[in-house]
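S.K.: Structure for the following, please:
(4 chains)
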Number of protein chains: 2
Amino acid sequence: MRGSGHSVDSIVDAALSLLDEIGLPDLSMRRVAGALGVQPSALYWHVENKQTLLAALADRIVGEAAAGASVPDAARALRAALLAHRDGAEVVVSTAALGLGSGSLEGRLRDAYAAAGSADAARDATVLAQFLLGHCYLVQQRMQAAAIGAYDATPGEVAASTEADFEAGLAALTGAP
Amino acid sequence: MRGSGHSVDSIVDAALSLLDEIGLPDLSMRRVAGALGVQPSALYWHVENKQTLLAALADRIVGEAAAGASVPDAARALRAALLAHRDGAEVVVSTAALGLGSGSLEGRLRDAYAAAGSADAARDATVLAQFLLGHCYLVQQRMQAAAIGAYDATPGEVAASTEADFEAGLAALTGAP
DNA sequence: ACCTGAACACCGTTCAAGT
DNA sequence: ACCTGAACACCGTTCAAGT
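M.R.: The predicted structure follows:
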């Protein structure tokens, strides 16, 4: 902090817009450094390694989504947050076990279930998080495949049928529409 | 075929046992070549690139699991197949959109739903596949984190509580125990 | 037909050294 | 405190050349 060259926040900023431009497979430490006009080694002053940078990116992607909402609305808000950035689901899911990334996401759902008086908020949240992450991951994979032309539908068609898939799963897992 | 040096099957064999040994992050084309006693470039005679090798690996992991079973048994068999190999879920999920990898898995579930007289077997299969893949991916991530010690449970504890999570989600998505 | 050898354009990370 | 420069040990992939 305090006007110095770069903070961890500015690195996450750069990484996030680079993610939207080029996608996760091409998101290298060297590219992030390049976007900041700095040597790759400079990043390691602010960030321990690539894994922790991705975890910070995951936290930023999840953001404040779903705070204080009902279970279905929390799930919808988290879905929207993941789908808002290219490969957002893969970033979040890949750091989910670190507690860092998605203690966040699963925790958010746990709060929603607890507020709704669930008898086992922890299990309910785990199950819904697994569906939510699997859903978003596969949706984004399919959208990318559709963009490349390797899939038999346009990105628009994928987006539409995909939301109905989500609502179907959500209704089944939460017990009602 | 025909007694030549290596087939694509022998490459998948080597890749699969290497996967169990070292995990997906360390599974490089160069390591696979090394395990076969061959130069890395030799692999490209049999296989187009790493992505298609991973797709073939995914097909091998899914195998014949769940053929002709009821929906819940198909789901359980597929779960067991993914969990049987280190990072199995990540391999399968990462190639799921290619039709190559998990036209397989999702198709298997679609067949089971269709045989059970589902009104929308395609959607039901998509939703269950998303849960199944998200579940297995997160379970394996958690088991690995537990093995490293970065997680607050032993691998055994993770495996146990995890199966109950799966049955809870499965019951909700299929409508009954 | 199948493989080697060498090369190309990359990686993540470390660490002395500069300022 | 923060960054550069150079290095280390790797990647996936291509392609001429060998057999």
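S.K.: Could you list every helix and strand in contact with the helix with the most length in chain A?
M.R.: Across chain A, the helix with the greatest residue count (assigned by DSSP state H) is helix A:121-148. Applying 3 or more C-beta pairs under 8 Å, 6 or more residues apart in numbering or on different chains; DSSP states H and E, one finds that helix A:121-148 makes contact with helix A:71-83, helix A:88-94, helix A:103-115, helix A:155-174, helix B:88-94, helix B:121-148, helix B:155-174. Quick note: C-beta positions are derived from backbone N, CA and C, even for glycine.
S.K.: how about that helix: buried residues?
M.R.: By 16 or more other C-beta atoms under 10 Å in any protein chain shown, the buried positions in helix A:121-148 come out as A:121-146.
S.K.: what angle do that helix and helix A:155-174 make?
M.R.: Going by axes from the mean of the first three to the mean of the last three C-alpha atoms, to 10 degrees, helix A:121-148 is angled at 170 degrees with respect to helix A:155-174.
S.K.: Can you tell me which residues in chain A are near DNA strand C?
M.R.: Applying C-beta under 7 Å from any atom of the strand, we find that chain A lies next to DNA strand C at A:26-31, A:40-41, A:44, A:49-51.
S.K.: that older thread, ok, is the longest helix of chain A in contact with DNA strand D or not?
M.R.: No. Helix A:121-148 lies out of reach of DNA strand D by C-beta under 7 Å from any atom of the strand, never closer than 14.4 Å.
S.K.: I'd like to check the angle between that helix and helix A:71-83, please.
M.R.: Calculated by the same axes, to 10 degrees, helix A:121-148 forms an angle of 40 degrees with helix A:71-83.
S.K.: chain center to helix A:121-148: distance?
M.R.: Put simply, helix A:121-148 sits 10 Å off its chain's centre (C-alpha atoms, centre = their mean, to the nearest Å).
S.K.: what helix or strand is A:A56 on?
M.R.: In this structure, A:A56 is located in helix A:50-62 according to DSSP states H and E.
S.K.: Distance from the chain centre to that helix, please.
M.R.: With C-alpha atoms, centre = their mean as the basis, the mean position of helix A:50-62 lies at 9 Å from the chain mean.
S.K.: before we move on, what about stretch A:152-159?
M.R.: Stretch A:152-159 has its C-alpha centroid displaced from the chain centroid by 21 Å (C-alpha atoms, centre = their mean).
S.K.: same thing with stretch A:35-52?
M.R.: Offset of stretch A:35-52 from its chain centre (C-alpha atoms, centre = their mean): 21 Å.
S.K.: got the contact list for it?
M.R.: By C-beta atoms under 8 Å, 6 or more residues apart in numbering or on different chains, the residues outside stretch A:35-52 that reach it are A:5-8, A:10-11, A:14, A:17-18, A:29-30, A:32-33, A:53, A:56, A:95, A:98, A:100.
S.K.: swap in stretch A:71-90?
M.R.: Stretch A:71-90 is contacted by residues A:16, A:19-21, A:23-24, A:61-63, A:65-66, A:69, A:91-92, A:105, A:108-109, A:112-113, A:116, A:128, A:132-133, A:135-137, A:139-140, A:144, A:166, A:170, A:174 when judged by C-beta under 8 Å, 6+ apart.
S.K.: one more time with 6 Å
M.R.: A:19-20, A:23-24, A:61-63, A:65-66, A:92, A:105, A:109, A:112-113, A:116, A:132, A:136-137, A:140, A:170, A:174 (C-beta atoms under 6 Å, 6 or more residues apart in numbering or on different chains).
S.K.: Equivalent analysis for stretch A:54-70, please.
M.R.: The contact list for stretch A:54-70 (C-beta under 6 Å, 6+ apart) reads A:12, A:15, A:74, A:77-78, A:81, A:85, A:88, A:91-92, A:95, A:98, A:100-101, A:104-105, A:108.
S.K.: Likewise for stretch A:109-119?
M.R.: A:71, A:74, A:121, A:124-125, A:128-129.
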